[in-house]
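**Student:** Pasting the sequence and the predicted coordinates here, then a few questions.
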Amino acid sequence: MKTKLSTLWIVVLFNMIFRDLHEFLRTGYLEEMLAMTSNGAQISEGLLLAAAIVLEIPIAMIFLTQVLNIKVNRWANLIAAVFMLVAIVSNNLAPDLDDLFFYITACAALLLIIWYAWKWPKDNLRSLREIPDKVEGASI
């Protein structure tokens, strides 16, 4: 399960990065960046910091998913995925077609993270309960 979740966080991260890289192909994008504006809004240092923090969440989750214990891992994945889902949807209310494609893919991965994290403990508890039965019935 850790590998599945960590891999899904990589999918989210790649979609975010490649969406941003893809913007360089949009006419006028470089001029906007040089003028520190985006869609007519001024880009501040605070906004850049907020964007960096949001981008850092999937980066951190790739690692944390591998090292946290199951209970903490479940909640960290649920909270981080819901936060990222809200951030992606709320900050992109009128995306163009290529942005929409990247957002749908990232949101699908986030929904899978939520689903896997939500069902994860139930699967582990079930398998932990089955182990003693198999051991007791084993012959030596």
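**Tutor:** Cool, the structure landed. Numbering: from 1, shown residues only.
**Student:** Break down this structure into its helices, ranges please.
**Tutor:** 2-23, 29-34, 45-67, 70-90, 97-136 (DSSP state H).
**Student:** Including mean neighbour count, could those helices go into a markdown table?
**Tutor:** The C-beta positions use only the backbone N, C-alpha and C, and glycine is treated the same way. Output for those, formatted as a markdown table (neighbours: other C-beta atoms under 10 Å):
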| stretch | mean neighbour count |
| --- | --- |
| helix 2-23 | 17 |
| helix 29-34 | 12 |
| helix 45-67 | 14 |
| helix 70-90 | 17 |
| helix 97-136 | 14 |
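**Student:** so Pro121 makes contact with Arg74?
**Tutor:** Yes - if you go by C-beta atoms under 8 Å, Pro121 and Arg74 touch, sitting 5.7 Å apart.
**Student:** which one is Lys4 nearest to, not counting chain neighbours?
**Tutor:** Counting by C-beta to C-beta, 6 or more residues apart in numbering, Lys4 lies nearest to Tyr116, which is 5.9 Å off, once chain neighbours are set aside.
**Student:** so what's the closest residue to Tyr29 other than its chain neighbours scoring on pLDDT?
**Tutor:** Leaving aside its sequence neighbours, Tyr29 sits nearest to Glu23 (C-beta to C-beta, 6+ apart; 5.2 Å). The per-residue pLDDT reported for Glu23 equals 85.
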